[in-house]
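Participant: Sequence plus the predicted model coming up.
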Amino acid sequence: MVRLETRRLIVRHGRMADVASITRYARENQEFLAPWEPLRHETWFTEDYWRMRLALDVQEYYQDQSLRLLLIPRQSPGEVAGVANFTNVLRGSFQACHLGYALAARYVGQGLMTEALGAALDFVFREMRLHRVMAAHLPENERSAAVLRRLGFQKEGLARDYLLIGGRWRDHVLNSKLAPDWRPGPGEAFLVSPCGNAVSPECPSDAGDLSGPGSRVF
């Protein structure tokens, strides 16, 4: 299980002992987060749901599918201040994931999300060996945009009707951050070839043709 430490936070996987606090976080911030999130079924706000979700979070991490983290204030270890979720991990020739995050209303404006995501992104790039992290926000969500700018994300464009938020398809601004010094993880050395652009473990004569013998296509 992942546990990261910053000056003011513990950023880690949730545990069964966190069920009550994450449920309380969901209930107390339901109205505050509603403008930025999908419609939530009533089960989202129950301990039964979070008991199942926290168990799945750990399972998905070990299956290399996601990294879902809780933000725990050092001064209030029994409280959840927010969440940071790296999901839809894809390997092969993509090596990327999506990032989503949310913060409790009482902690907004203190720089906590920037602090937490700085540590989490370092882990994702250094330990999980991902090359790209993608994040999207509603055009009017200036706070979210500012967090991404501070973390070095680059704006890539506007996607029309990108996500179903509050029951309506909404446009989103697309952003991404690249690993500063990407290297393939164990067992993925075939992704980088001394032949240049070839994606193969050797250097075939037709290295530039990804459909040729010895090449790997994803």
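Facilitator: Thanks, I have the structure now. Residues are numbered from 1 along each chain as shown.

Participant: Where does Arg143 fall, secondary structure wise?
Facilitator: helix 142-150 (DSSP states H and E).

Participant: ok and whichever helix or strand comes after that helix relative to helix 142-150, angle-wise?
Facilitator: Following helix 142-150 in sequence order, the next helix or strand is strand 154-165 (DSSP H and E). Per axes from the mean of the first three to the mean of the last three CA atoms, to 10 degrees, the angle that strand 154-165 makes with helix 142-150 is 150 degrees.

Participant: Enumerate the positions of strand 154-165 that are buried.
Facilitator: Within strand 154-165, the residues scored as buried using 16 or more other CB atoms under 10 Å are Leu163, Ile165. From N, CA and C alone the C-beta is placed, and that goes for glycine too.

Participant: Show me what it packs onto, helices and strands only.
Facilitator: Applying 3 or more CB pairs under 8 Å, 6 or more residues apart in numbering; DSSP states H and E, we find strand 154-165 packed against strand 132-137, strand 168-178.

Participant: From the contact counts, what lies against the first one?
Facilitator: Which is strand 132-137. strand 96-103, helix 112-126, helix 142-150, strand 154-165, strand 168-178.

Participant: again, only this time at 10 Å
Facilitator: strand 82-90, strand 96-103, helix 112-126, helix 142-150, strand 154-165, strand 168-178 (3 or more CB pairs under 10 Å, 6 or more residues apart in numbering; DSSP states H and E).

Participant: pLDDT (mean, whole number) over the fourth one?
Facilitator: What it means is helix 142-150. For helix 142-150, mean pLDDT is 97.

Participant: same deal with the fifth one?
Facilitator: Average pLDDT, strand 154-165: 98.

Participant: Each with direction, which strands does it pair with?
Facilitator: strand 168-178 (antiparallel) (DSSP bridges).

Participant: which residues sit against the strand it pairs with?
Facilitator: 36, 39, 96, 98-99, 117, 121, 124-125, 130-141, 144-145, 148-149, 151-165 (CB atoms under 10 Å, 6 or more residues apart in numbering).
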